[in-house]
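Undergrad: Dropping the sequence and predicted coords here.
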Amino acid sequence: MPSSKKTLALIVLAQFCCTSLWFASNGVIKNMISEFNLNENALGHLTSAIQFGFIVGTLTFAVFTISDRFSPSKVFFGSAILGALFNLGICWPENTLTSLIIFRFLTGFFLAGIYPVGMKIAADYFEKGLGKSLSFLVGALVLGTAFPHLLSKFTNPNIWYAVILGTSALSVVGGSLIFTLVPDGPNRLPSKTLDLTSFVSIFRNKPFRSAAFGYFGHMWELYTFWAFVPLVLKFYNSQFKNDLDVSFWAFFIIGIGSLGCVLGGVLSEKFSAKNISIAALSVSGLCCLVSPFIFSAASNTLLIVVLLFWGIVVIMDSPLLSTLIAQNATPDKKGTALTIVNCMGYCITIVSIQLTTVFLESYVSIYIFSILAIGPVFGVISLVKNKALKG
C-alpha cells in the first residue's frame, strides 16, 4: 500500500484528471456552435444537461448505496472510463443539440462516480486530517473544471476536438491511477446488503443533518456566484465604460478558489473544520450583503480585489463541510451520505440560479448577489445550533 502522502497525491491527481470532463464542452462551445449549427443558447442547455446528469447519477448511486457496497476504487475507475467514452460523443460529426445534450447528461451521470466517490476514498484513508485531505480534492475539482478553458487556449481552433480527446484521455489516466495504485482504504467499512432506506435514514442522525444543512447553505451561494461572475464583470464594464477582460478575470476569480480550499484545510487543523466553516460562511455571506456597494463604486481595483477575496472564501468551507458530513455519518453509510448530500446540494444550485435569474429581471443588477446571503445565514445557524456536531 502506498504511503499516505503518495496516496493523497494520487487521489488529488486522479480527481483533477477526471473532473476535467465537467466543462469540456464549455471550453470549445464557440467551435461546437459553428460545427453543429447550434443556437447561441446551446451553452446553457449543455451545462444544465451535465448538472442534471450529475444529480440523477448521485441520486442513483445513493439509493443503491453503490460506493458502500462495492469497491470505491473500482467504482471510480469504471465511472472514469464510461465518463470519458460519453465525453468523446461530442466529436461525433452527426451530432445535433439533442444528441449533445444526451452525451453531456451521461457524462454528468458518471461524474457522480468520480467526485463524491473520490471523497469517499479519501475518507477511508484519512480519518485524521480529513479536512486537509478533502481540501486538496476540492481544490483539484476547481482546477479540473476550469482546465478545458486553459487547454482550449493552446489548441488550434481548426482541431477543437483535441480538447475533448485530451479531457477524455485525462479521465482514463485518472481512473487508471486509482484502480492500479490506490486500493480500498484501511478504514473502509463495507455495507453488505442493499438498503433502499439509507437515503432517508441517514438524515435521522441530528449531527449529520446539521452538517448537511450547512453544506446546503453553502451550495445555495457557490455555483450561482460562479455562474454570474462574468455577468457582473460585463455589467461593470458597461456601467463605468471600462474594458476589464471578462474571461481572464472570471477564470482567476473562480480558479483562485483552489487556494481557498487548501488554506481552509490548513486552518482547520488548528481551529477545527466546524469553526473554519462557520467563519467562511459568515464572511462570504457578508460579501453578499456588501456587494451592491462594491458594484456601484467606480474602482476597478476595489472590484477585482473583493471578487478575488470572495472567490477564496466562497469555496473554502466546501471540503470542510464534506469532512463534517463524513465524520458524522454512520461508518458503513459514509459513501452514500457524501453522495446524497452532493445530489441534494446540486439540486439547490439549480433553484438558486433560476431564482437569481428571475430576481435579476426585476431589480437593478448591483443587487444580483444580495439574495445569496440566505444560504450562508442558513448554513451558519445549522452549524452553530448543534453542539453535538463532531469536527
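TA: Sure, I can see it. Small disclaimer: the values here were computed from a predicted structure and weren't measured. Numbers count the residues shown, from 1 in each chain.

Undergrad: Who are the contact partners of residue 164?
TA: Residue 164 makes contact with 24, 25, 28, 87, 88, 90, 91 under the criterion CB atoms under 8 Å, 6 or more residues apart in numbering. Where you see a C-beta, it was placed from the backbone N, CA and C, and this is true even at glycine.

Undergrad: Any buried residues in the helix or strand hosting residue 137, and which?
TA: Residue 137 belongs to helix 130-153 when assigned by DSSP states H and E. Under the neighbour-count criterion of 16 or more other CB atoms under 10 Å, helix 130-153 has 130-149, 151-152 buried.

Undergrad: in the chain, which spans are strands?
TA: Assigned by DSSP state E, the chain shows no strands.

Undergrad: mind giving me the domain split of the chain?
TA: 4-196, 204-385 (automatic domain parsing).

Undergrad: Export the ones you listed to a markdown table and append columns for mean pLDDT.
TA: Below are the domains of the chain laid out as a markdown table (pLDDT from 0 to 100):
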| stretch | mean pLDDT |
| --- | --- |
| domain 4-196 | 85 |
| domain 204-385 | 87 |
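
Undergrad: Pull up the distance across stretch 238-248, start to finish.
TA: 17 Å (CA to CA, to the nearest Å).

Undergrad: What of stretch 365-382?
TA: Stretch 365-382 end-to-end distance (CA to CA) = 30 Å.

Undergrad: Show me the contact partners of that stretch.
TA: Under CB under 8 Å, 6+ apart, the answer for stretch 365-382 is 210, 213-221, 224-225, 228, 231-232, 235, 239, 277-278, 281-282, 284-285, 287-289, 291-292, 295-296, 317, 321, 352, 355-356, 359-360.

Undergrad: now stretch 334-349
TA: By CB under 8 Å, 6+ apart, stretch 334-349 touches 51, 54-55, 58-59, 61-62, 65-68, 72, 112, 115-117, 119-120, 123-124, 189, 191, 198-199, 202, 208, 212, 215-216, 218-220, 222-224, 322, 325-326, 329-330.

Undergrad: who's sitting farthest from the centroid in this structure?
TA: residue 241 (33.4 Å; CA atoms, centre = their mean).

Undergrad: How much space separates it from residue 133?
TA: To residue 133, residue 241 is 47 Å away according to CB to CB, to the nearest Å.

Undergrad: Show me which positions of stretch 377-391 end up buried.
TA: In stretch 377-391, counting by 16+ other CB under 10 Å, buried: 377, 378, 379, 380, 381, 382, 383, 386, 389, 391.

Undergrad: ok, now stretch 242-259?
TA: Under 16+ other CB under 10 Å, the buried positions of stretch 242-259 are 246, 249, 250, 251, 252, 253, 254, 255, 256, 257, 258, 259.

Undergrad: so can I have JSON lines of those residues showing distance to residue 36?
TA: Below are the buried residues of stretch 242-259 laid out as JSON lines (distance: CB to CB, whole Å):
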{"residue": "246", "distance to residue 36": "25"}
{"residue": "249", "distance to residue 36": "29"}
{"residue": "250", "distance to residue 36": "25"}
{"residue": "251", "distance to residue 36": "25"}
{"residue": "252", "distance to residue 36": "30"}
{"residue": "253", "distance to residue 36": "30"}
{"residue": "254", "distance to residue 36": "27"}
{"residue": "255", "distance to residue 36": "28"}
{"residue": "256", "distance to residue 36": "33"}
{"residue": "257", "distance to residue 36": "32"}
{"residue": "258", "distance to residue 36": "32"}
{"residue": "259", "distance to residue 36": "37"}
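
Undergrad: Which of those residues fall in helices?
TA: Among these, the ones falling in helices (DSSP state H) are 246, 249, 250, 251, 252, 253, 254, 255, 257, 258, 259.

Undergrad: tell me which of the residues you listed is nearest to residue 175?
TA: residue 258 (21.5 Å; CB to CB).

Undergrad: quick one, what contacts that closest one?
TA: Residue 258 neighbours (CB under 8 Å, 6+ apart): 139, 140, 142, 143, 315.

Undergrad: just the residues you listed now: which is nearest residue 273?
TA: Using CB to CB, those come closest to residue 273 at residue 315, 14.4 Å.

Undergrad: what's the closest residue to residue 337 other than its chain neighbours sitting at in phi/psi?
TA: The spatially closest residue to residue 337, leaving aside those adjacent along the chain, is residue 329, at 3.6 Å (CB to CB, 6 or more residues apart in numbering). Per-residue torsions, residue 329: phi -90, psi 160 (degrees, to the nearest 10).

Undergrad: hey, where'd the helices end up in the stretch 151-300 of the chain?
TA: Counting by DSSP state H, counting those that start in this stretch, the stretch 151-300 of the chain has helices at residues 161-181, 198-201, 206-240, 246-255, 257-271, 273-295, 300-316.
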